[in-house]
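Chemist: Got a predicted model here, sequence first, then my questions.
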Amino acid sequence: MSSEEHQRKTVMEYWWEKADSCIFSAKREFDAGEYSFVINRLYYALYYAVSAVLLARNLSFRKHSGVRSAFHREIVKTGLIDPKWGLLYDQLFEDRHEGDYVALVEFDRMYAETKLKQCIEFLEVLRRL
């Protein structure tokens, strides 16, 4: 394994650890009733996992929009995963943005719980890639 491949593998493992940490954090926030923070953590879990999957294909990006575009182009549109996961990623991208930057936006318990379950399933789908 070349040093470049080793470095890429190390970074991929790092992104997966961050994704797992975000899921753990989302569960804590859910238990605390902090549903906006649940959505934030879920989005970042997906962002890190998608970044790892793209890096496995020698693709990396500095901006969230670049990760999102490449995810759709390289993973969703090529049929590697069900398009519903692309929709979930997009929804959480928008939800996280609203929850972080728009005043008075709140998410309810049921919505956060549904998204948490979906994200856990989505991460398993991504791990198989």
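Modeler: Perfect, thanks for sending it. Model, not experiment: these values are computed from the prediction.
Chemist: mind listing the helices for this structure?
Modeler: 3-31, 35-55, 64-70, 83-101, 109-128 (DSSP state H).
Chemist: Tell me how far the first one lies from the chain's centre.
Modeler: This means helix 3-31. For helix 3-31, the separation from the chain centroid amounts to 10 Å (computed by C-alpha atoms, centre = their mean, to the nearest Å).
Chemist: buried set for that helix?
Modeler: Arg8, Met12, Trp15, Trp16, Lys18, Ala19, Cys22, Ile23, Ser25, Ala26, Glu29, Phe30 (16 or more other C-beta atoms under 10 Å). (Glycine included, C-beta is placed from N, CA and C.)
Chemist: Output the contacting helices and strands for it.
Modeler: helix 35-55, helix 109-128 (3 or more C-beta pairs under 8 Å, 6 or more residues apart in numbering; DSSP states H and E).
Chemist: Need the pLDDT of Met1.
Modeler: We note a pLDDT of 82 for Met1 in this prediction.
Chemist: Report the contact partners of it.
Modeler: Lys9 (C-beta atoms under 8 Å, 6 or more residues apart in numbering).
Chemist: so how far does stretch 78-88 reach from one end to the other?
Modeler: Start and end residues of stretch 78-88 are separated by 17 Å (C-alpha to C-alpha, to the nearest Å).
Chemist: For Ala52, which residues are in contact?
Modeler: Ala52 neighbours (C-beta under 8 Å, 6+ apart): Val11, Met12, Glu13, Trp15, Trp16, Ala19, Leu126.
Chemist: which two of these lie the greatest distance from each other?
Modeler: Using C-beta to C-beta, the two most remote members of the contacts of Ala52 are Val11 and Leu126, lying 15.8 Å apart.
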